[in-house]
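Asker: Here is my input; please provide its structure:
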Amino acid sequence: MRVILGLSFLLISMSSWACQPLTQGERYWPNPTKGESRVFFDSIEVKLVKVSRGGPDAPCNDAGMVLFEVSYTEKGIEDLDLITKMALSDVGIYFMPTSKDEYGILPNIPMKAVQGKDGKYYISFAWVDHQPGKQKDISLGYDIKFISNQLNLSGVKSSGTIEANSVNK
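Answerer: Predicted coordinates:
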C-alpha cells in the first residue's frame, strides 16, 4: 500500500514539474554603491524574439510565453563579453504597457537579462493563458526604459507590440 501511494505521489509530482514554464531573467535590484551605469543606456538593445500561446501543443498547455533578447551593441570594444556582462548586470529594464495588459504579461518591476546556453542574454515572461476556446488575440503595446544603479531612469529607449492570435485561429 505504501509503495502504491508513494508511486502515485511521485507521478503527480512529476507531472506538476513538467508544467513549470521556464522563464529567463531575474528581478533587478539597484546597487547605489556601484559606479554610474547610466553610460550603458544608449548601447543596450532589447528586441522581441518570440511569443507563444498556451494550448495543446505548448509545453505547459495553460501558459503563454514571451521572449526578449537583450544585447549590448557598442562596437570596437576589445573584451565585448566582459563589458556586455557588466552592462547587462548593472542596468534594469522596465517593460511598461502602453495598452491594456489583460493577461498580466508584463511585470511591474525592472528586470535584468540572464545569459542563455547560446551565450546570448534573454528575458522572458510567462502568463496563465486561457483555454484555447476562451483565448483572445493579444495586441499589447509596450515601452522600454532603463534604470541605473544610481536610480537614474531613462526616457523611452524603444517601443513595440506583443502580438499573438488565439490558438483557435
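Asker: On the three-state scheme, the spatially most central residue of the chain is what?
Answerer: In the chain, the centroid-proximal residue (CA atoms, centre = their mean) is residue 124; its distance is 2.1 Å. When classified by DSSP: H, G, I helix; E, B strand; the rest coil, residue 124 comes out as strand.
Asker: What's the separation between it and residue 75?
Answerer: 27 Å (CB to CB, to the nearest Å). Glycine gets a C-beta too; all of them are placed from N, C-alpha and C.
Asker: Next, count neighbours for the closest residue in space to residue 159 that isn't next to it in sequence.
Answerer: Nearest residue to residue 159 in three dimensions, chain neighbours excluded: residue 143, at 5.0 Å (CB to CB, 6 or more residues apart in numbering). Neighbours of residue 143 under the rule other CB atoms under 10 Å: 15.
Asker: so where does residue 143 fall, helix or strand?
Answerer: strand 138-147 (DSSP states H and E).
Asker: sorry, back to before: so the residue nearest to residue 159 touches residue 98, yeah?
Answerer: Yes - assessed by CB atoms under 8 Å, residue 143 is found in contact with residue 98 at 5.6 Å.
Asker: Poorly predicted segments of the chain, please.
Answerer: Counting by pLDDT under 70, the chain has low-confidence residues at 1-26, 33-35, 56-59, 76, 169.
Asker: which residues in the chain form strands?
Answerer: 26-27, 44-52, 63-72, 92-97, 111-112, 114-115, 121-128, 138-147, 158-164 (DSSP state E).
Asker: now those strands in JSON lines, with distance to residue 79?
Answerer: Shown next, in JSON lines, are the strands of the chain (distance: least, CB to CB, whole Å):
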{"stretch": "strand 26-27", "distance to residue 79": "24"}
{"stretch": "strand 44-52", "distance to residue 79": "17"}
{"stretch": "strand 63-72", "distance to residue 79": "12"}
{"stretch": "strand 92-97", "distance to residue 79": "23"}
{"stretch": "strand 111-112", "distance to residue 79": "20"}
{"stretch": "strand 114-115", "distance to residue 79": "15"}
{"stretch": "strand 121-128", "distance to residue 79": "16"}
{"stretch": "strand 138-147", "distance to residue 79": "22"}
{"stretch": "strand 158-164", "distance to residue 79": "26"}
